[in-house]
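Participant: okay, sequence plus prediction incoming.
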Amino acid sequence: MTTHGGRPDQARRDAITVEIGYALFSAAFAAAVVFGAVAGPALLFDLPDTLEKVLIRVGLWIAPVLFAARVISVLLRFRRDAAQPSQPGRTNPDS
């Protein structure tokens, strides 16, 4: 899938763009759900101040960590899948 000196063609660039978009949107959704599950009770209910602060801080810590982990895992999986040979019937380069 290369043209003109090894540059990726339009289909490859489109696939990369779609995969980046998927990684970002799925990571944002997962982070929002986890933040809501962890910090939601502190925002919705009247809890003791210490518990509210702990839940919100844990939510604020875990959401970006989950976001980054999800983006990295999706993009690494895409890169690994793209490294498969393009010849039909072959599953690894040594076959």
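Facilitator: On my side now, so go ahead. Numbering: from 1, shown residues only.
Participant: all helices of the chain, in order?
Facilitator: Assigned by DSSP state H, the chain shows helices spanning 10-44, 49-82.
Participant: in CSV: the ones you listed, plus mean neighbour count and mean pLDDT.
Facilitator: Placement of C-beta: from N, CA and C, glycine included. Formatted as CSV, those follow (neighbours: other Cβ atoms under 10 Å; pLDDT from 0 to 100):
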stretch, mean neighbour count, mean pLDDT
helix 10-44, 14, 93
helix 49-82, 14, 92
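Participant: which residues touch the residue nearest to residue 38 when sequence neighbours are not counted?
Facilitator: Nearest residue to residue 38, sequence neighbours excluded (Cβ to Cβ, 6 or more residues apart in numbering): residue 59, at 4.0 Å. Listed by Cβ atoms under 8 Å, 6 or more residues apart in numbering, the contact set of residue 59 reads 34, 35, 38, 39, 42.
Participant: can you do 7 Å?
Facilitator: 35, 38, 39 (Cβ atoms under 7 Å, 6 or more residues apart in numbering).
Participant: just checking, the last one touches residue 55?
Facilitator: Right, residue 39. Yes - Residue 39 sits in contact with residue 55 when judged by Cβ atoms under 7 Å, with a separation of 5.2 Å.
Participant: what about the chain, which residue is the most distant from its middle?
Facilitator: residue 48 (34.2 Å; Cα atoms, centre = their mean).
Participant: how near is that one to residue 37?
Facilitator: Residue 48 sits at a distance of 19 Å from residue 37 (criterion: Cβ to Cβ, to the nearest Å).
Participant: and what of residue 59?
Facilitator: 8 Å.
Participant: ok, now residue 27?
Facilitator: Residue 27 is 16 Å from residue 37, by Cβ to Cβ.
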